[in-house]
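J.: what's the 3D shape of this:
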Amino acid sequence: MVLAVILILIVVGSLVFHFLNPWTLTELASQWGSMDTMLHVSFLITGVVFVAVTLFMAVAIIRYRHRGGQRARFQPDNRRLEWWLIGATTVGIVALLAPGLVVYSDFTRVPPNAMEIEVFGEQWRYSYRYPGADGVLGYADIRHIGAGNPLGLDPDDDAALDDVVIHGGDLRLPVDRPVRMVMRSKDVLHGFFVPQFRAKMDMVPGMVTHFWFTPTRTGRFEVLCTQHCGTGHYNMRGHVEVMEQREFDAWLREQETFGRSLAATANGERPDDPVELGRRLADGEGCMACHSVDGSRRVGPTWLNLYGSEVTLTDGSTVSADESYLRRSIEDPRAQVTAGYSPVMPAYSFDEDEMDALLAYIRSLSEDAGEE
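T.: As a prediction, this is how the structure comes out:
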């Protein structure tokens, strides 16, 4: 009897919690209202089954509890009951699966007027690529990845030369326009999920996946990685900024194309300011995926006020974060690991000018902070 009472209390408590809990779905910001409908249908069906099965167990415990002088009757089968159970189970499974199959079909059937944007995942950040004036994304392959070409665009493909690459920045989208998201991964399995869009897709190494959605309201929304992609998974986040079409067009026109970037590199064009060059190198080489410049904690130590500070190592010793220490930490990062951080940073090799520029940028973050 005690067990029956506990089961009944579980059902009552679950129903009360479901209807009175303060948590709700985030406000929808895309056309995928069918995702919410599918979720509510699933909750309804599984909820009804949960209540029915749990209350049946409680009733069975009460009704068929042990009584002195009574013996159970053995019934090897009951065809009528079996057919009822098969029918009810079949209806329940179909009701659970059918809405999902319909929605998934819509999820991958892209409208012909959709704008195509590529999402590139790597440990531990997202980068994006927009088509240029031709409206077509050029060919890309990881074999082309290198300095100045972090997404691996083919420099011999004319369609790639006018593409715009946003390496490690925010994704910007126009409102009320369908968008086809093409997804690649550089290293491991990643996920791309924007809760307000109800849109999620895995990024699989060696494959190109896709889905589509239409942003229906302007605003700034967070991007989350939904796969455990390594030590810095918790830090693999980004933002989507949805804006009016005219604002988006104006922003896109201001961005440097891949062809222009190639030409600047070929001509040896570099910023005269070493701090600016260092900032570009840090962004282009993926440093900002693990190190912050505002004091926030990420996979690696923050660069804010790092230069000249005392750093505690994993062996308990301390070292001054001078130029020699920073050089060694970049070229041989496992030699002196900062306490509280994992030795996951790969070794980097820069020429002397690039190394000086990168150190100048790190040093500037401490000098500027000191002046303020």
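
J.: only C-alpha atoms from now on, for both contacts and neighbour counts.
T.: Noted.

J.: which element is Ser324 on?
T.: Using DSSP states H and E, Ser324 maps to helix 323-331.

J.: quick one: list the elements packing against that helix.
T.: Using 3 or more CA pairs under 8 Å, 6 or more residues apart in numbering; DSSP states H and E, the elements in contact with helix 323-331 are helix 352-371.

J.: now the helix it packs on - C-alpha only, PDB.
T.: Provided in PDB are the C-alpha atoms of helix 352-371 (Å, rounded to 0.1, in the frame of the first residue of the first chain):
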ATOM      1  CA  GLU A 352      60.000  37.400 -36.000                       C
ATOM      2  CA  ASP A 353      57.900  40.300 -37.200                       C
ATOM      3  CA  GLU A 354      54.700  38.400 -36.400                       C
ATOM      4  CA  MET A 355      55.900  37.400 -33.000                       C
ATOM      5  CA  ASP A 356      56.900  40.900 -32.100                       C
ATOM      6  CA  ALA A 357      53.500  42.200 -33.300                       C
ATOM      7  CA  LEU A 358      51.700  39.600 -31.200                       C
ATOM      8  CA  LEU A 359      53.700  40.400 -28.100                       C
ATOM      9  CA  ALA A 360      53.100  44.100 -28.700                       C
ATOM     10  CA  TYR A 361      49.400  43.500 -28.800                       C
ATOM     11  CA  ILE A 362      49.500  41.500 -25.500                       C
ATOM     12  CA  ARG A 363      51.600  44.100 -23.900                       C
ATOM     13  CA  SER A 364      49.200  46.900 -25.000                       C
ATOM     14  CA  LEU A 365      46.400  45.200 -23.100                       C
ATOM     15  CA  SER A 366      48.300  45.600 -19.900                       C
ATOM     16  CA  GLU A 367      49.600  49.100 -20.700                       C
ATOM     17  CA  ASP A 368      46.100  50.400 -21.600                       C
ATOM     18  CA  ALA A 369      44.600  48.900 -18.500                       C
ATOM     19  CA  GLY A 370      47.300  50.500 -16.400                       C
ATOM     20  CA  GLU A 371      46.700  54.000 -17.800                       C
END
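
J.: what residues sit buried inside it?
T.: Using 16 or more other CA atoms under 10 Å as the test for burial, helix 352-371 gives 355-367.

J.: try stretch 9-27
T.: Val11.

J.: just the strands in the stretch 51-200 of the chain please.
T.: Assigned by DSSP state E, counting those that start in this stretch, the stretch 51-200 of the chain shows strands spanning 115-122, 125-130, 164-166, 171-174, 179-185, 190-194, 199-203.

J.: out of those strands, nearest to Val344?
T.: Closest to Val344 of the strands of the stretch 51-200 of the chain, according to CA to CA: strand 115-122, at 14.0 Å.

J.: coming back round to it: closest one to Ser296 among the strands of the stretch 51-200 of the chain?
T.: strand 125-130 (15.7 Å).
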